[in-house]
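[1] for reference, the sequence and a predicted model appear below.
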Amino acid sequence: MTNIPRPDNSSSTTAVPATADAANAADPTAGGDLPAHAHALTVSSLKVGYTPDNPVITDLSVHIPGGRVTTVIGPNGCGKSTFLRAVGRLIPSQAGTVTLGATDISSMRRKDIARTIGVLPQAPIAPPGLIVSDLVSRGRHPHQSWIRQWSSSDEKEVMAALEMTDVADLADRPLDSLSGGQRQRVWISMVLAQHTEILFLDEPTTYLDLAHSIEVLDLVNRLRRELDRTVVMVLHDLNLAIRYSDNLVVMRDGDLIATGTPESVITPELLMDVFDLDATVIEDPVVGGPLIVPNDPHGLRNRS
């Protein structure tokens with residue numbers, strides 16, 4: 001069995017109301033005598049849909065603390081990826097605002113958003129035979145223009161991203177020759193090459209086994225800690241989400257159900273209400289914090 005180390009995450013310990021105004025309490029750097037983190041995000045009354053008459057998200061408000069790892073969890077089809085794409089301006093919202101610090105991102109140029117928020121979509125696809133260094137170099141696209149072409153500073157950013165994700169030795173390899181864990185680290189390297197302060201990762205452990213999932217999440221936590229990045233990701237594995245997150249956002253049917261630290265959010269009642277999961281929440285015997293243990297209503301332990 002793989003021993004999963006718990007990252008050294010800084011986090012608050014109090015659940016907060018599911019509103020953007022009250023949610024500043026989730027970030028100890030917001031309000032009081034300390035300035036709010038420059039890369040905190042506040043989502044207010046967000047409405048998103050792929051058709052006008054069928055919104056996926058109707059009225060969602062939440063605060064994303066800066067310099068922390070926030071993970072969005074919820075059952076399949078509840079709007080997690082739609083939320084991530086809308087906040088990152090990959091798809092338009094029908095109503096509501098998203099502010100970065102004090103700036104409404106709808107007032108920002110797309111290129112400026114791409115220089116601020118790096119988005120890794122779920123199960124990204126690259127052309128067959130693409131070389132690792134070429135893929136990572138695409139992360140510099142938001143910094144290019146007809147005036148400013150490729151430069152030595154771009155080369156340095158790409159090399160720094162490759163080294164930070166421990167894939168520099170794979171730079172000349174085709175992406176499709178790598179293992180799943182290696183490929184995912186390369187994709188994260190491409191997002192890092194954008195040199196953004198905020199990283200959006202939509203299910204970064206998709207199709208990975210447990211060992212490779214831990215490898216990728218360890219990397220994400222190290223980037224947050226060493227580079228002071230704000231990370232927002234979507235995960236399906238609840239126990240990994242708990243262990244690797246400072247803050248959780250719980251969604252169901254396009255609505256915000258709860259937000260706060262894992263310790264304050266994860267309860268047997270919430271698991272039943274949101275996931276229809278009968279489970280016991282115990283203290284993780286290795287690292288502390290909540291650990292979800294499904295109950296055994298069908299007597300699986302006694303099967304012959």
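    Looks like it arrived, so ask away. Numbers count the residues shown, from 1 in each chain.
[2] now the helices for the stretch 51-200 of the chain?
    Secondary structure of the stretch 51-200 of the chain (DSSP state H, counting those that start in this stretch): helices located at 80-87, 110-114, 132-137, 152-164, 180-193.
[3] of these, which is nearest residue 201?
    helix 180-193 (7.5 Å; C-beta to C-beta). For glycine as for every other residue, the C-beta is placed from the backbone atoms N, C-alpha and C.
[4] what helices or strands is the closest one leaning on?
    Packed against helix 180-193 by the contact rule (3 or more C-beta pairs under 8 Å, 6 or more residues apart in numbering; DSSP states H and E) you find strand 117-120, helix 132-137, helix 152-164, strand 198-202, helix 210-227.
[5] grab the nearest non-local neighbour of residue 239.
    The spatial neighbour of residue 239 that comes closest, neighbours along the chain excluded (C-beta to C-beta, 6 or more residues apart in numbering), is residue 292 at 5.6 Å.
[6] work out for me the element that neighbour sits within.
    Taking DSSP states H and E as the definition, one finds residue 292 inside strand 290-294.
[7] buried residues of that strand, list them for me.
    290, 291, 292 (16 or more other C-beta atoms under 10 Å).
[8] who's in contact with the spatially most central residue of the chain?
    Nearest to the geometric centre of the chain sits residue 233, at 1.4 Å (C-alpha atoms, centre = their mean). By C-beta atoms under 8 Å, 6 or more residues apart in numbering, residue 233 lies in contact with 69, 70, 71, 72, 199, 200, 201, 202, 203, 204, 220.
[9] low-confidence ranges, the stretch 201-304 of the chain, go.
    Counting by pLDDT under 70, the stretch 201-304 of the chain has low-confidence residues at 297-304.
[10] just the helices from it, written as ranges.
    Secondary structure of the stretch 201-304 of the chain (DSSP H, counting those that start in this stretch): helices at 210-227, 238-243, 262-265, 268-275.
[11] which of those helices sits closest to residue 179?
    Residue 179 sits nearest to helix 210-227 of all the helices of the stretch 201-304 of the chain, at 7.3 Å, using C-beta to C-beta.
[12] what packs against the closest one?
    When contacts are defined as 3+ C-beta pairs under 8 Å, 6+ apart, helix 210-227 packs onto strand 69-73, helix 180-193, strand 198-202, strand 230-234, helix 238-243.
[13] export the ones you listed to JSON lines and tack on distance to residue 149?
    Shown next, in JSON lines, are these (distance: least, C-beta to C-beta, whole Å):
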{"stretch": "strand 69-73", "distance to residue 149": "35"}
{"stretch": "helix 180-193", "distance to residue 149": "16"}
{"stretch": "strand 198-202", "distance to residue 149": "26"}
{"stretch": "strand 230-234", "distance to residue 149": "30"}
{"stretch": "helix 238-243", "distance to residue 149": "41"}
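[14] of these, give the one that comes closest to residue 255.
    Nearest of those to residue 255, taken as C-beta to C-beta: strand 69-73 at 12.6 Å.
[15] check what contacts stretch 78-88 and list those residues.
    Under C-beta under 8 Å, 6+ apart, the answer for stretch 78-88 is 41, 43, 46, 48, 56-57, 60, 64, 72-74, 91-93, 98, 113, 117, 119, 121-122, 200, 202-203, 232, 234, 251-254.
[16] need the buried ones from those residues selected in PyMOL.
    Buried subset of the contacts of stretch 78-88, written as a PyMOL selection, criterion 16+ other C-beta under 10 Å:
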select buried, resi 41+43+46+48+56+57+60+64+72+73+74+93+98+113+117+119+121+200+202+203+232+234+251+252+254
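[17] ok so, going back, for the helices and strands packed on helix 210-227, which one ends up most surrounded?
    Across these, averaging neighbours per residue (mean count of other C-beta atoms under 10 Å) puts strand 69-73 on top, at a mean of 26.
[18] can you tell me the strand partners of that one and which way each runs?
    strand 230-234 (parallel), strand 247-252 (parallel) (DSSP bridges).
[19] tell me the contacts of residue 206?
    Shown in contact with residue 206 (C-beta under 8 Å, 6+ apart): 122, 123.
[20] again but with residue 165, I slipped
    Neighbouring residues of residue 165 by C-beta under 8 Å, 6+ apart: 185, 186, 188, 189, 192, 219.
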